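[1] Sequence first, predicted model second:
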2 protein chains.
Amino acid sequence: MKTNLKPESLSPRDEIETVISKIRELIINRQLEPGDKLPSERTLSEKFGVSRSQLRLAIQKLEFYGLVKKYPKSGTFVSKIGVGALNSMMANILHLQTPDFKSLVETRLILETKAVKLAAVRRTEQQLYQIELAHEAYINKSINGENAIDEDLLFHLKLAEASCNSVINSLMLVITPEIITNFVTNKICDKTNFSTLIKEHQDIVNAIKNNDPDQATESLKIHFNDLYQYCRT
Amino acid sequence: MKTNLKPESLSPRDEIETVISKIRELIINRQLEPGDKLPSERTLSEKFGVSRSQLRLAIQKLEFYGLVKKYPKSGTFVSKIGVGALNSMMANILHLQTPDFKSLVETRLILETKAVKLAAVRRTEQQLYQIELAHEAYINKSINGENAIDEDLLFHLKLAEASCNSVINSLMLVITPEIITNFVTNKICDKTNFSTLIKEHQDIVNAIKNNDPDQATESLKIHFNDLYQYCRT
DNA sequence: TTAACCAATTTGGTTGACCAATTATAAACT
DNA sequence: AGTTTATAATTGGTCAACCAAATTGGTTAA
């Protein structure tokens, strides 16, 4: 039987969620409306019974999801979003699960498929050169029989850059490393031989060079065929 | 003529970028290899001439993009990604522009189009019910002539949830509020009358209900026709 | 009455000191 | 000599005090 001497003590992580829950209740109870200025950090930390640093972390998280907006030395304001949406989004944030590998891969496929399509239309000469450079580096490393996973990653990052869509590029930057690190453990790559992979890369490069978005999309789908299969299982 | 008495003083934002640049140089010069443990925060802050809090913020940013991994009370470690990729990603992070509105909308279209397609296949009965509930709320608010932008947003968030892809759902949560707030200023919505919008929503709901992914995709494209046009301009 | 200015207060941002968990080191016992 | 245990040093995490910018309210001069 646990004595549980300190029932009020929570881990910092839980404290952050507690703060978000409390702020959510304030909004639900209409004590805090969209557009309103939040009470000062000191006031809220005292009101919620947490330290100011923990409260700041909670607000930082809310700001990351765009639910509040901070103005330095001035105050923090609730975003001008409807109460229902605010409520739902906060519930989502509170229940956020750590992303599963399959969702990561699936999302990567979606984003990169669109990225190469856009790249074929929008790429600058400079970006095309960067892609070709990365492609050559991949070839040189690969023909020596060495593992060229680094060069492969770099090649795909350059594809995302050439989409000329800053959001796609950012999102790819966020989800790619997580995929790479899990890749090593899940052993999904190195199924085919390197010469096939080189040719698949070359097809993508050519399509982008020729400003052919449909061909670029098709070439990428072929290249990612294994990944597509994986997502269906 | 400016006297510039404190040439070394930078804004905190710039200090963070300075720290990332310095860490990047360490990696380029092979003084820090993938998988290595970084020097302690105190050591690095002294070495770089910044306060520990600023250094922590820089490392927090690197961790967000998956370039380093923190283990509490133990140390911070460089992710096991190739040097070339690390270098390129850090350069990307340093040059990250604040996302432009068109990229945001374009990415939202990509993600939500795929989300409804997946939702039509994977949605649970509970998720379908949530979507229908949000749809009815939208109708009830809309037929009174009131602005139902909140209910509309909620409806679309439920669609993303029903995709059963945690990453898509998270990304939608991140980019949606930013779009909404800019929507008000850019005045892209309220072009069509509410009865048309209700029917478009209804078509999406029906397609998801009937587990028809292609129809769901098509219905959403019709609904987002104005947005597609906007992205092409 | 109005506008401009100034001081006091409030704000988020920043810092150096402290904390507990972890790890490295060395001593001690078998 | 090898293993275990005790101890000291190092680590990232946390906190309360401090800082400068921004706001606010009142006062004064036009």
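    Sure thing, it's come through. Numbers count the residues shown, from 1 in each chain, chains lettered A, B, ... in the order given.
[2] Number of residues surrounding A:Gln126?
    Neighbour count of A:Gln126, defined by other Cβ atoms under 10 Å in any protein chain shown: 9. C-beta: built from backbone N, CA, C; applies to glycine.
[3] Repeat that for A:Gly84.
    So A:Gly84, with other Cβ under 10 Å, has 17 neighbours.
[4] Kindly report the same for A:Ser74.
    For A:Ser74, using other Cβ under 10 Å, the count is 8.
[5] For chain B, see how far away it is.
    From A:Ser74 across to chain B, the span is 17 Å (Cβ to the nearest Cβ, to the nearest Å).
[6] Now the residue lying closest to A:Phe64 once chain neighbours are set aside: which helix or strand?
    Nearest non-adjacent residue to A:Phe64, counting by Cβ to Cβ, 6 or more residues apart in numbering or on different chains: B:Val174, 7.3 Å away. Assigned by DSSP states H and E, B:Val174 belongs to helix B:166-186.
[7] Chain A against DNA strand D: which residues are in contact?
    A:Pro12, A:Val50, A:Ser51, A:Arg52, A:Ser53, A:Gln54, A:Tyr71, A:Pro72, A:Lys73, A:Ser74 (Cβ under 7 Å from any atom of the strand).
[8] Out of these, which comes closest to B:Leu44?
    Comparing these against B:Leu44 with Cβ to Cβ places A:Ser53 closest, at 20.8 Å.
[9] Convert the helix or strand containing the closest one to CSV, retaining C-alpha atoms only.
    Assigned by DSSP H and E, A:Ser53 falls within helix A:52-64. Taking C-alpha atoms only, helix A:52-64 is exported to CSV below (Å, rounded to 0.1, in the frame of the first residue of the first chain):
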residue,chain,number,x,y,z
ARG,A,52,6.6,30.7,-13.3
SER,A,53,9.0,28.7,-15.4
GLN,A,54,6.5,25.8,-15.7
LEU,A,55,3.8,28.3,-16.6
ARG,A,56,6.1,29.8,-19.3
LEU,A,57,6.7,26.4,-20.7
ALA,A,58,3.0,25.8,-21.0
ILE,A,59,2.4,29.1,-22.7
GLN,A,60,5.4,28.4,-25.0
LYS,A,61,3.6,25.2,-26.1
LEU,A,62,0.3,27.0,-26.6
GLU,A,63,2.2,29.6,-28.7
PHE,A,64,3.8,26.9,-30.8
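[10] A:Lys158 and A:Gln130 touch, don't they?
    Yes - counting by Cβ atoms under 8 Å, A:Gln130 is a contact partner of A:Lys158 at 5.0 Å.
[11] where does chain A dip in pLDDT?
    Scanning chain A with the threshold set as pLDDT under 70 gives A:1-13, A:184-192.
[12] Now do the strands in it.
    Secondary structure of chain A, counting by DSSP state E: strands at A:68-71, A:75-78.
[13] Ok, which of these comes nearest B:Leu118?
    strand A:68-71 (30.1 Å).
[14] Got the domain ranges for chain A?
    A:12-94, A:101-232 (automatic domain parsing).
[15] Pick the most buried one from those domains.
    domain A:101-232 (a mean of 18; mean count of other Cβ atoms under 10 Å in any protein chain shown).
[16] The residue of chain A found nearest DNA strand C - nearest residue in space that isn't next to it in sequence?
    Proximity of chain A to DNA strand C (Cβ to the nearest atom of the strand) peaks at A:Ser40, 3.4 Å away. Excluding the flanking residues, the one nearest A:Ser40 by Cβ to Cβ, 6+ apart is A:Gly75, at 7.5 Å.
[17] Verify the stated contact: the one you found with A:Gly35.
    No - counting by Cβ under 8 Å, A:Gly35 is not a contact partner of A:Gly75; they are 11.8 Å apart.
[18] on that earlier part again, can you check what angle separates the helix holding A:Ser53 from helix B:166-186?
    Here helix A:52-64 runs at an angle of 70 degrees relative to helix B:166-186 (axes from the mean of the first three to the mean of the last three Cα atoms, to 10 degrees).
[19] right, is helix A:52-64 up against DNA strand C?
    Yes - shown here: helix A:52-64 in contact with DNA strand C (Cβ under 7 Å from any atom of the strand) through A:Arg52, A:Ser53, A:Arg56.
[20] can you give me the end-to-end distance of stretch A:63-83?
    16 Å (Cα to Cα, to the nearest Å).
[21] Can you tell me how far A:Ser219 is from B:His201?
    From A:Ser219 across to B:His201, the span is 36 Å (Cβ to Cβ, to the nearest Å).
[22] Ok, A:Leu227 next?
    Distance from A:Leu227 to B:His201, by Cβ to Cβ: 33 Å.
[23] Also A:Lys80?
    The gap separating A:Lys80 from B:His201 is 23 Å, by Cβ to Cβ.
[24] likewise A:Asp36?
    30 Å.
[25] wait, A:Val68 sits on A:Lys61?
    No - counting by Cβ under 8 Å, A:Val68 does not reach A:Lys61; the two are 9.5 Å apart.
[26] Which stretches in chain A count as helices?
    A:12-28, A:41-48, A:52-64, A:83-94, A:101-122, A:125-142, A:149-162, A:166-186, A:194-209, A:213-223, A:225-232 (DSSP state H).
[27] roughly how far is the last one from the heart of the chain?
    So that's helix A:225-232. 20 Å (Cα atoms, centre = their mean, to the nearest Å).
[28] Repeat that for the first one.
    Its chain's average C-alpha position is 24 Å from that of helix A:12-28, according to Cα atoms, centre = their mean.
[29] same thing with the second one?
    Relative to the centre of its chain, helix A:41-48 is centred 31 Å away, using Cα atoms, centre = their mean.
[30] Please save the CA atoms from it in CSV.
    Once non-C-alpha atoms are left out, helix A:41-48 reads as follows in CSV (Å, rounded to 0.1, in the frame of the first residue of the first chain):
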residue,chain,number,x,y,z
GLU,A,41,2.7,35.2,-15.8
ARG,A,42,3.2,35.8,-12.1
THR,A,43,-0.5,36.1,-11.4
LEU,A,44,-1.3,32.9,-13.3
SER,A,45,1.6,30.9,-11.8
GLU,A,46,0.3,31.8,-8.3
LYS,A,47,-3.3,31.1,-9.3
PHE,A,48,-2.4,27.7,-10.7
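[31] All good on my end, thank you.
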